[in-house]
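**Student:** my questions are about this predicted structure, shown below with the sequence.
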Amino acid sequence: MAKKILAAFPAGHPAFAGHFPGNPIVPGVLLLDELMHALAADLDRGYAAFTVESVKFLYSARPGDVVYWVYTPVRADAVRFVLTVGDHDAVVGVIVVGPKT
């Protein structure tokens, strides 16, 4: 599967006000939320059909960064995902894909 744009978070996004003043980064929960919405659309599943099995944050996304995503099946019920920023793997993990809702 080819990399797709997941999101770009503008400097004025409200999440940056408290995460972290003077050194803003995109909160991990916001990245995972965007990913699960994208997966739901791509796999024709409801958003509630996903469970994060594992996740590792390796590199911070900052205001204005474009975040890309790609996933590959690892089991019949799970996908491995990678979110990238520039040339860096930012977030990697496995999401369990539940039944169509």
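**Tutor:** Received it, and whenever you're ready, just let me know what you need.

**Student:** roughly how far apart are Val26 and Leu43?
**Tutor:** To Leu43, Val26 is 23 Å away according to CB to CB, to the nearest Å. For the C-beta atoms, the positions are set from N, CA and C on the backbone; glycine is no exception.

**Student:** nope, Pro63 is what I was after
**Tutor:** Distance from Pro63 to Leu43, by CB to CB: 29 Å.

**Student:** over to Thr51?
**Tutor:** On the measure of CB to CB, Thr51 and Leu43 end up 14 Å apart.

**Student:** same thing with Glu34?
**Tutor:** 15 Å.

**Student:** check Tyr68 too.
**Tutor:** For Tyr68, the distance to Leu43 (CB to CB) stands at 18 Å.

**Student:** how about Val66: what's its closest non-neighbour residue?
**Tutor:** Leaving aside its sequence neighbours, Val66 sits nearest to Ala8 (CB to CB, 6 or more residues apart in numbering; 4.6 Å).

**Student:** try Pro99
**Tutor:** Ala49 (6.4 Å).

**Student:** and the nearest residue to Asp44 once chain neighbours are set aside, helix, strand or coil?
**Tutor:** Leaving aside its chain neighbours, Asp44 sits nearest to Lys100 (6.8 Å; criterion: CB to CB, 6+ apart). Of the three states, Lys100 takes coil under DSSP: H, G, I helix; E, B strand; the rest coil.

**Student:** having no further points to raise, I will conclude here.
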